[in-house]
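> give me coordinates for this.
(one chain, ligands or ions: 1)
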Amino acid sequence: MSSPDGARIELVAGGPANTWLVGDDDEVIVIDPGTPAPVLAAAGEREILAVICTHGHHGHVAGAPEVAHRDESPIALHPLDRRDWREVHATDPTIDMEDEGVFGVSDVTLEVVHAPGHSRGSVLLYCEALGAAFTGDVVGERGPVPHGAGFPDWTKQMDAIGARVLTLPSQTRLLTGHGEEFTVATADRSFSSWYSAGPDLSGRD
Ligand SMILES: [Zn+2]
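Okay, here's the model as predicted:
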């Protein structure tokens, strides 16, 4: 899970969403902090360079200000999700992420890949050097991730999965906002069945 002597990926489980840390022994970037205390404990003495939210839904942003506060770290969100953010927090994030934006930590970079549908401002964070993409709620093992009782824009979300996830190298690990990780190759094999299943969630287990 790491490049030699360099960046590695850590999962902080047990919150409302999976929280991921990317970094080394000195510094980390935090992705999607829901519950602050375990995230700050996992970061330990390391400097938190930035807090990045894959999208604006509650479980992915709830802990962001408190985690960012300790080291006065910036918080990054795609501006199209600012309305969702404001349902949770009174003060705005500090960085407006754009497609192809880049964050550096340790010896690796995270590239912002806009993948709308689950929310208008949903992004993936792609780390080529570590062979991983943090997918938020763009896609999970069971397909496009719904929000609440349904899909805000199923067609757009499926288009984003096709254009922005399946085009990554096939062995790329997809590190999800909920549940277990899988790979681009697995997603590719499942894509047509997700398509056939369609956006109707009634009758699924
Ligand atoms: Zn969501």
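
> could you use CA atoms for every contact and neighbour count after this?
Fine.

> so for the longest helix seen in the chain, mean pLDDT?
For the chain, the helix with the greatest residue count under DSSP state H is helix 184-197. Mean pLDDT, computed over helix 184-197, is 97.

> same question for stretch 92-105.
97.

> list the contacts of it.
7, 22-23, 27-29, 49, 74-79, 82, 85-86, 109-114 (C-alpha atoms under 8 Å, 6 or more residues apart in numbering).

> next one: stretch 135-142
32, 54-55, 115-118, 122-125, 144-146, 157, 160-161, 174-182, 187, 194.

> so which of the residues you listed are in strands?
Val123, Leu124, Leu125, Leu174, Leu175, Thr176, Phe182 (DSSP state E).

> mind picking the two most distant members of those?
Taking C-alpha to C-alpha as the measure, those span a maximum distance of 17.6 Å, between Val123 and Phe182.

> between those two, which is the more surrounded one?
Each of Val123 and Phe182 has its neighbours counted (other C-alpha atoms under 10 Å); Val123 has more, 30 against 16.

> any idea how far that one lies from Glu27?
23 Å (C-alpha to C-alpha, to the nearest Å).

> just the buried ones from the contacts of stretch 92-105?
Neighbour-count burial (16 or more other C-alpha atoms under 10 Å) applied to those gives 7, 22-23, 27-29, 49, 74-79, 82, 85, 109-114.

> where do the helices sit along this protein?
36-43, 58-61, 64-71, 82-86, 154-160, 184-197.

> return the most buried member of those.
Neighbour counts (mean count of other C-alpha atoms under 10 Å) averaged over each of the helices of the chain peak at helix 58-61, with a mean of 23.

> how far away is Gly179 from Thr54?
16 Å.

> out of those two, which sits in the more crowded spot?
Thr54 (31 against 13).

> okay, now His89: neighbour count?
Neighbour tally, His89, other C-alpha under 10 Å: 16.

> once you drop chain neighbours, what's closest to the spatially most central residue of the chain?
Nearest residue to the geometric centre of the chain (C-alpha atoms, centre = their mean): Gly136, 3.2 Å. Nearest non-adjacent residue to Gly136, counting by C-alpha to C-alpha, 6 or more residues apart in numbering: Gly177, 4.3 Å away.
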